[in-house]
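> Sequence and predicted structure, then a few things I'm wondering about:
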Amino acid sequence: MSLHPVLTAVTERVITRSARTRRAYLDLIARERENGISRPRLACGNLAHAIAASGNDKAGLRAAGGMNVGIITAYNDMLSAHQPYGRYPDQIKLFAREVGGTAQVAGGTPAMCDGVTQGQPGMEISLFSRDVIALSTAVGLSHGMYEGVAMLGICDKIVPGLLMGALRFGHLPTILIPSGPMPSGLPNSEKQRIRQLYAEGKVGKDKLMDAESESYHAAGTCTFYGTANTNQMLMEVMGLHLPGSSFVPPNSRLRQELTRAAIHRLSEIGARGEDYRPLGLCVDERAIVNAAVGLLATGGSTNLAIHIPAMARAAGIIIDWTDLDQLSAIVPQLTRVYPNGSEDVNAFHDVGGMPSLIGSLLDAGLLHPDILTVARGGFSEYRRKPELRDDKVVWEDAGPSTNENILRAPANPFRADGGMKVMEGNLGRGIYKTSSVAPERWTIEAPAAVFDHQEDVLTAFRDGKLDRDVVVVVRFQGPAANGMPELHKLTPTLAVLQDRGHKVALVTDGRMSGASGKVPAAIHIGPEAYVGGPLSLLRDGDVVRVCARTGRIEALVEPGVMADRTPARPPAPQFGTGRELFALMRNHVDLPEQGASAILASMDHMAAQQNA
Ligand SMILES: O=C(O)[C@H](O)[C@@H](O)[C@H](O)[C@H](O)COP(=O)(O)O
Ligand code: SF4
């Protein structure tokens, strides 16, 4: 099947736009491979320090005969998705020895749980924790002891951060190793129902806690299709996981054999072998466009509209929301997984999952088939799913979906267009996730209720001030203002207003969770209010129109009236919960459409100085 012409056109535009920065990046990783820090170039003292505690691996590490795998782990036992990783390093060391290599934990990174910080001050650190993870990855790999990298991370900011960091060592082969979703618990729609009853005061805290604990109840990734599971999907359509490994349950024999296979495969794609597949060549413009297609075909998390540009930029590639919007026009929605439906990722995996999805997108010419992946052979390997045969993992054709209520092929999509729209108008430019909102709610026009803090929305609701058609505007939530938190805590309250029959929409320069849905939301609006963006000029009562059909977000106020207004004063920045430590990032961060990253903005500033 030939490639869809829009996919080709968007890819060529990305290649052209990125020509200079991508060339500089490829030159960098070539230099790093030839002359960069590496084990043979370490001095005796350096190497002695690096192997002092390596026990039986010391001789192997000193002789440098096999690959030394650097493990970058985002393990902590509070994050349910990362809790299984505690045992992985010891397993990986065994698997590396099986193929004549060694492995060391090169370093750890933090891993925030957005479920724990949702609605809490810590959420104002969440986006910037991604950059901290990128920096932590670079710290670990900077020792030059490793010929391959195994990365252990799943959740929201962790996979983007790991990739942003590892891409700066893009001369090294790198594989991401997932740990898998927890068993399905209380259905997400039932959890949401209980939350709405609680928001209305109709059930007590114990009932809510019981529902939450039945939903999030074991080790493994939460099973809604939020940012974490969108990350897993992304790693498959970019060929950075082993095929079909994203949603295999944790603590299973197959999961362990997939980890073994990943380490064995990593040892084959190093610089010394005949099948060199460095990360920086795997992540090229086609892989990034594949990522965007996967995001749109699955109605993935809006957070990836920020993270895909950031990961791309770390590899010298520039993709923007217009590219996303144009791809969205031709990429059909093929999955219905909560919040885009009632089923979860375990159900998606059981009916064919990633291999079936990738196969059908390839057949429709909607994915680049010729990307360089970590798996042997080409991207067509990713049509196949892993099975355990005689205790060994083998890959077998996955075939089409077995349940068209959850997963479909492009010939019979849930919707003909992708799940995301770019919104523009006199209030700025943002993103709207259409896949999780009923089409009859795609156009909302109502008077604005303007807030500077999400808590004030909940107070206004409790005081009965929102019981009407309303566009709730929450501003000063952008990256420069307070770190661009998710405002997902507002979902139950806004959904109650919507269920009462009111027309409701949310407009914000902040973010929403990948698990957010049901309520129309125009988010990531830039330029943000904190830097004087149009949201800072809005007043209570202004009529705002949010229309995902036209992609427009407008204040129906005379232009002269808005222009004559004085921008609202930003709230004072807050100390506490460590937020003051991130002022550095707030002061240097760039736009969400560019990736909302202080480190990438500073890196590009450095490149501009070099070229001056
Ligand atoms: O982007 C995401 O997917 C979210 O950040 C997710 O990781 C977070 O945990 C949500 O808050 C979970 O949803 P609830 O808050 O509804 O449990
Ligand atoms: S998916 Fe979200 S809530 Fe679940 S463990 Fe990961 S970050 Fe936490």
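Sure, I can see it. Ligands and ions are numbered 1, 2, ... in the order given.

> Am I right that Glu554 is in a strand?
Yes - counting by DSSP: H, G, I helix; E, B strand; the rest coil, Glu554 falls inside a strand.

> For the closest residue to ligand 2 within the stretch 101-250 of the chain, give me its contacts.
The stretch 101-250 of the chain approaches ligand 2 most closely through Gly115 (2.7 Å), counting by Cβ to the nearest ligand atom. C-beta: built from backbone N, CA, C; applies to glycine. By Cβ atoms under 8 Å, 6 or more residues apart in numbering, the contact list for Gly115 reads 216, 222.

> Look at it and give its secondary structure.
Under three-state DSSP, Gly115 comes out as helix.

> Against ligand 1, how distant is it?
3 Å (Cβ to the nearest ligand atom, to the nearest Å).

> How confident was the prediction at that residue?
pLDDT for Gly115: 95.

> Roughly how far does it sit from Asn587?
The gap separating Gly115 from Asn587 is 28 Å, by Cβ to Cβ, to the nearest Å.

> Then Gly517?
Taken as Cβ to Cβ, the span from Gly517 to Asn587 is 33 Å.

> Looking at those two, which is more packed in?
Counted by other Cβ atoms under 10 Å, Gly517 and Asn587 do not tie: Gly517 has more neighbours, with 26 against 9.

> next one: phi and psi at the more buried one?
Main-chain dihedrals, Gly517, degrees, to the nearest 10: phi -170, psi -170.

> my read: it touches Lys433, true?
Yes - judged on Cβ atoms under 8 Å, Gly517 makes contact with Lys433 at a distance of 7.2 Å.

> Tell me, how many residues neighbour Gly560?
Gly560 - counted by other Cβ under 10 Å - has 7 other residues nearby.

> just the one 4 residues further on next, same as before
For Asp564, the count of nearby residues is 9 (other Cβ under 10 Å).

> if I look at it, how far off is ligand 1?
Distance, Asp564 to ligand 1, by Cβ to the nearest ligand atom: 38 Å.

> List the contacts of the residue of the chain found nearest ligand 1.
Taking Cβ to the nearest ligand atom, ligand 1 has its nearest neighbour within the chain at Gly226, 2.3 Å off. By Cβ under 8 Å, 6+ apart, Gly226 lies in contact with 156, 301, 513-515.

> for it, phi and psi?
Per degrees, to the nearest 10, the backbone of Gly226 is at phi -100, psi -150.

> when you give positions from now on, start the count at 791
Understood, numbering begins at 791; the last thing we discussed is Gly1016.

> How about it, nearest residue that isn't a chain neighbour?
With Cβ to Cβ, 6 or more residues apart in numbering as the criterion, Gly1016 has its nearest non-adjacent residue at 3.3 Å, and that residue is Gly1304.

> quick one: contacts for that neighbour?
Per Cβ under 8 Å, 6+ apart, neighbours of Gly1304: 946, 1014-1020, 1090-1094.

> How much space separates the residue of the stretch 891-1040 of the chain closest to ligand 2 from Thr1017?
Distance, Gly905 to Thr1017, using Cβ to Cβ: 11 Å.

> Over to Asn1272?
Going from Asn1272 to Thr1017 by Cβ to Cβ gives 19 Å.

> beta partners of Glu1133?
For Glu1133, the beta-bridge partners under DSSP bridges are Val1127.

> how many other residues sit next to it?
Quick note: Glu1133 (other Cβ under 10 Å) scores 25 neighbours.

> so it makes contact with Gly1143?
No - the pair Glu1133 and Gly1143 does not pass the contact test of Cβ under 8 Å, sitting 11.7 Å apart.

> returning to that earlier point: for the contacts of Gly1016, give me CSV that also has pLDDT.
Formatted as CSV, the contacts of Gly1016 follow (pLDDT from 0 to 100):
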residue, pLDDT
Asp946, 97
Ser1091, 96
Ser1303, 91
Gly1304, 86
Ala1305, 86
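
> For ligand 2, state which of the residues you listed is nearest.
Asp946 (5.1 Å).

> what packs against the longest helix anywhere in the chain?
In the chain, ranked by residue count with DSSP state H as the criterion, the top helix is helix 795-825. Under the contact criterion of 3 or more Cβ pairs under 8 Å, 6 or more residues apart in numbering; DSSP states H and E, helix 795-825 touches helix 1069-1072, helix 1075-1087, helix 1111-1118, helix 1388-1401.

> give me that answer again for 10 Å
Contacts defined by 3 or more Cβ pairs under 10 Å, 6 or more residues apart in numbering; DSSP states H and E place helix 795-825 against helix 1069-1072, helix 1075-1087, helix 1094-1104, helix 1111-1118, helix 1388-1401.

> Next, the buried residues of the last one.
If I follow you right, that is helix 1388-1401. Residues of helix 1388-1401 classed as buried by neighbour count (16 or more other Cβ atoms under 10 Å): 1388-1392, 1394.

> and if you look at the fourth one?
Buried residues in helix 1111-1118, counting neighbours by 16+ other Cβ under 10 Å, are found at 1111, 1113-1118.

> Just give me the neighbour total for the closest residue in space to Gly1300 that isn't next to it in sequence.
Spatial nearest neighbour of Gly1300, excluding adjacent residues (Cβ to Cβ, 6+ apart): Gln1267 at 2.8 Å. Using other Cβ under 10 Å, the number of residues around Gln1267 comes to 29.

> who are the neighbours in contact with Gln1267?
Contacts for Gln1267 (Cβ atoms under 10 Å, 6 or more residues apart in numbering) come out as 913-914, 1241-1244, 1273-1277, 1298-1301, 1313-1315, 1318-1320, 1325.

> So which of those sit within strands?
1241, 1298, 1313-1315 (DSSP state E).

> From those residues, pick the one nearest Asp847.
Of all the ones in strands among the contacts of Gln1267, His1314 has the smallest distance to Asp847: 46.3 Å, by Cβ to Cβ.

> distance of the closest one from ligand 2?
As judged by Cβ to the nearest ligand atom, His1314 and ligand 2 stand 19 Å apart.

> separation between that residue and Ser1191?
From His1314 to Ser1191 the distance is 31 Å (Cβ to Cβ).

> Comparing the two, which residue is more hemmed in?
The residue with more neighbours, out of His1314 and Ser1191, is His1314; 31 against 22, by other Cβ under 10 Å.

> so who does the nearest residue to that one once chain neighbours are set aside touch?
Closest residue to His1314 apart from its sequence neighbours, by Cβ to Cβ, 6+ apart: Pro1382 at 4.4 Å. By Cβ under 10 Å, 6+ apart, the contact list for Pro1382 reads 917, 1092-1093, 1095-1097, 1099-1100, 1111, 1219-1221, 1268-1269, 1274, 1299-1301, 1313-1316, 1318.
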